[in-house]
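[1] No letters, just coordinates:
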Ligand SMILES: Cc1cc2nc3c(=O)[nH]c(=O)nc-3n(C[C@H](O)[C@H](O)[C@H](O)COP(=O)(O)OP(=O)(O)OC[C@H]3O[C@@H](n4cnc5c(N)ncnc54)[C@H](O)[C@@H]3O)c2cc1C
């Protein structure tokens, strides 16, 4: 419960929202889907700024990228993205009721370390569209996650070039959040991996790219993948995972090896 909440405001424009926020950032909280805001307990928040209705509400399908509007709920994004690989992740988030309420902007803005969606977006090297003092801009998701500069999340952009994506996770129960998650995506052209993105989250902490494995895979012909898999999996020893959230560091490394092997096998069989 927000025990010191005084005002719940619905601004008419982003400009107005930002002006209100700037007056008292310490005590003001953005809300889009409102699911996490509703469950939040703090003594700090005095103003909730409801942004629902002010943010982009649809998918923009361009030649080189897809933009997912931040106002979209997980279910809306899932239905609009149809057969995009990201749907594998969206459809396993919480329950149907959670997916009907939680939004793309709220998910990114909340920056949960265990978020499945954020792990996939980090693998895709997605760009977050934000609004702040500098107006609108698109910034790499890793930069956004690491930054303390406040901003309103308007949505997220993924490049169209990725034609393979696979997701793995472990959780205590079907409806619980992930204790560890993993996403691998690739852009394969003429039998060669021209771009690869790999990320793991709930490590515990923000999702992290697996740069060493990405570098070994970049430009590799698919028919050499099986022969290289063991060498790539060896790099898991340097992975940035630790103990917590019910799993040991050693177990997270074992999971990462298994997820990586399974994903590379699926990749080699997909084209
Ligand atoms: C019970 C439960 C189970 C869940 N299970 C999963 C799961 O299995 N997998 C998974 O990936 N996720 C899961 N989630 C997380 C969920 O998908 C959303 O990430 C979460 O609910 C936040 O989305 P929201 O739209 O409700 O955010 P809100 O409640 O609206 O906002 C959350 C926070 O984000 C910030 N924020 C909100 N809007 C903006 C904005 N436009 N710009 C900048 N910052 C903003 C604010 O700090 C706000 O406090 C679960 C959540 C719950 C409550």
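    Now that the structure is in, tell me what you want to look at. Just so you know, these numbers come straight off a predicted model, no measurement behind them.
[2] host element of the nearest residue to residue 59 once chain neighbours are set aside?
    In this structure, residue 59 finds its nearest non-sequential neighbour in residue 80, 4.5 Å apart by CB to CB, 6 or more residues apart in numbering. From N, CA and C alone the C-beta is placed, and that goes for glycine too. Using DSSP states H and E, the element containing residue 80 is helix 74-81.
[3] dump the residue contacts of the residue nearest to residue 59.
    Shown in contact with residue 80 (CB atoms under 8 Å, 6 or more residues apart in numbering): 58-59, 72.
[4] List only those of the residues you listed flagged as buried.
    Using 16 or more other CB atoms under 10 Å as the burial test, the contacts of residue 80 include 59, 72 as buried.
[5] List the buried residues in the helix holding residue 80.
    Neighbour-count burial for helix 74-81, counted by 16+ other CB under 10 Å, picks out 74-78, 80-81.
[6] mind giving me a markdown table with those and columns for distance to the ligand and pLDDT?
    A markdown table is the format used below for the buried residues of helix 74-81 (distance: CB to the nearest ligand atom, whole Å; pLDDT from 0 to 100):
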| residue | distance to the ligand | pLDDT |
| --- | --- | --- |
| 74 | 6 | 98 |
| 75 | 11 | 98 |
| 76 | 11 | 98 |
| 77 | 11 | 98 |
| 78 | 12 | 98 |
| 80 | 16 | 98 |
| 81 | 15 | 97 |
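[7] related to what we said a few turns ago, roughly how far does the residue nearest to residue 59 sit from residue 57?
    Residue 80 sits 10 Å away from residue 57, going by CB to CB, to the nearest Å.
[8] Can you check which residues contact both of the two?
    residue 72.
[9] could you pull out the helices for the protein?
    With DSSP state H as the criterion, the chain has helices at 14-23, 35-39, 74-81, 87-90, 96-101, 104-110, 116-123, 141-146, 211-217, 225-234, 249-270.
[10] quick one: contacts of the shortest one?
    It refers to helix 87-90. 74-75, 77-78, 81, 99, 116-117, 119-120, 165-167, 183.
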